[in-house]
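Trainee: Have a look; sequence and predicted model below, questions after that.
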Amino acid sequence: MRIELLNKYFKMDQLPHIWCPGCGNGIALGAAVEAIDNSTMDKDKICIVSGIGCSSRASGYLNFDSLHTTHGRAIAFATGIKLANPELNVIVITGDGDCTAIGGNHLIHGCRRNIDINVLVFNNNIYGMTGGQYSPTTPRNARTSTSRQGTVERQFDICKLSENAGATYVARGTVFHYKHLIGLIEGAFKNKGFSIVEILTPCPIQFGRRNKTPEPADMMRLLKNSTSFSDDGKTKIGVFRDEKEPEFVSEYIKLLSNEGDISV
Amino acid sequence: MGEMGESKPIAIHRDWCKGCGLCSAFCPRGVLVLNLGKVEIQNSENCIGCGLCERICPDYVIYLGRDIYG
């Protein structure tokens, strides 16, 4: 993180943050801040919304108007903010459990409406804050505090889920591929419609220690080796969808103005 | 960074370091090492100013390009 960005966008009295040693959330938040700095958005018209979880602490560290909302409802709150103030750029920072488990319905219906909000999902494959329970994105056979012998459930693919639900910008990046990640987040800001960026990030304390990778550097190497820019069987990173479709808020405003004509 | 005439191309805010060791594991020249659980600059003359440490540090401890905290 560049020192000038740290001074410009962070609440310095709130730092250092609470995330564990080696947690990738700090890197993901740094990439988001760099993308905000690179973008042409009016910095006074940015609203950060987050839910509950490790990742959702991010809104408290940023020097923007922000909302730290209830568990899973970040996208629901963001929908309300965007409809009340369509000129705002709404950025949702959420985690894999917050977004796809308790907030799963809000996610798919946000995608379906194609409302102009930007969702950054910090996916660390586990519920970190509450003690390491398995989440909908925990890989099969991974050991967690609620699956001591390994998870038997299959995992969600957040990108496929949101792409098929109707999101118009879908991308996946990792905290290891930092510059690539900044580009993906900038692409999300440019898209007028529902944009989602899944950010793969390591959790050495809750996930790594139970799965033979307790060292943050080992988790980071695993992230590097298990992802690829092409279709070669590894987890693909990059942009999966970037298309233009009617956006919910602008369509809604059009509808209201039509109704006004009728009543006159 | 040489043209800027800096004695140290990187600066660290050691108070914020949590000792995760990502910087020391990925520094290509072995400039950053952990000492008593916190990062320390050793052999700063070997630093090539690549900036990997600045990007990979999750705790915003390492800054490139200027000497801020002495």
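Mentor: Nice, thanks for sending it over. Numbering: from 1, shown residues only, chains lettered A, B, ... in the order given.

Trainee: Next to chain A in this structure, residues from chain B, please.
Mentor: Counting by C-beta under 8 Å from any C-beta of the partner chain, chain B comes close to chain A at B:15-16, B:18-22, B:25-26, B:54-60, B:63-64, B:66, B:68. For the C-beta atoms, the positions are set from N, CA and C on the backbone; glycine is no exception.

Trainee: what's the closest non-adjacent residue to A:Ile27?
Mentor: Spatial nearest neighbour of A:Ile27, excluding adjacent residues (C-beta to C-beta, 6 or more residues apart in numbering or on different chains): A:Val175 at 4.1 Å.

Trainee: Now for that neighbour, how many residues are close by?
Mentor: Applying other C-beta atoms under 10 Å in any protein chain shown, we find 26 other residues in the vicinity of A:Val175.

Trainee: residues contacting it?
Mentor: Contacts of A:Val175 were listed using C-beta atoms under 8 Å, 6 or more residues apart in numbering or on different chains, and they are A:24, A:27-28, A:31, A:181, A:199-202, A:220, A:223.

Trainee: Smallest distance to chain B belongs to which residue of the stretch 101-250 of chain A?
Mentor: A:Ala217 (3.4 Å; C-beta to the nearest C-beta).

Trainee: And the pLDDT for residue 54?
Mentor: No chain was given, so I picked chain A. Note on A:Cys54: pLDDT of 92.

Trainee: sorry, should have said chain B
Mentor: On the pLDDT scale, B:Glu54 is placed at 90.

Trainee: all strands of the chain, in order?
Mentor: I'll assume chain A. Assigned by DSSP state E, the strands in chain A fall at A:46-50, A:65-68, A:89-95, A:117-123, A:126-127, A:133-134, A:169-174, A:195-200, A:227-228, A:235-236, A:238-242.

Trainee: You answered for a different chain; I wanted chain B.
Mentor: Secondary structure of chain B (DSSP E): strands at B:10-12, B:32-35, B:38-41, B:62-64.

Trainee: who does the third one pair up with?
Mentor: Within its sheet, and counting by DSSP bridges, strand B:38-41 is paired with strand B:32-35 (antiparallel).

Trainee: Give me the contacts around the partner strand.
Mentor: Contact with strand B:32-35 is made by B:10, B:19, B:21, B:23-24, B:39-42, B:53, B:62, as judged by C-beta under 8 Å, 6+ apart.
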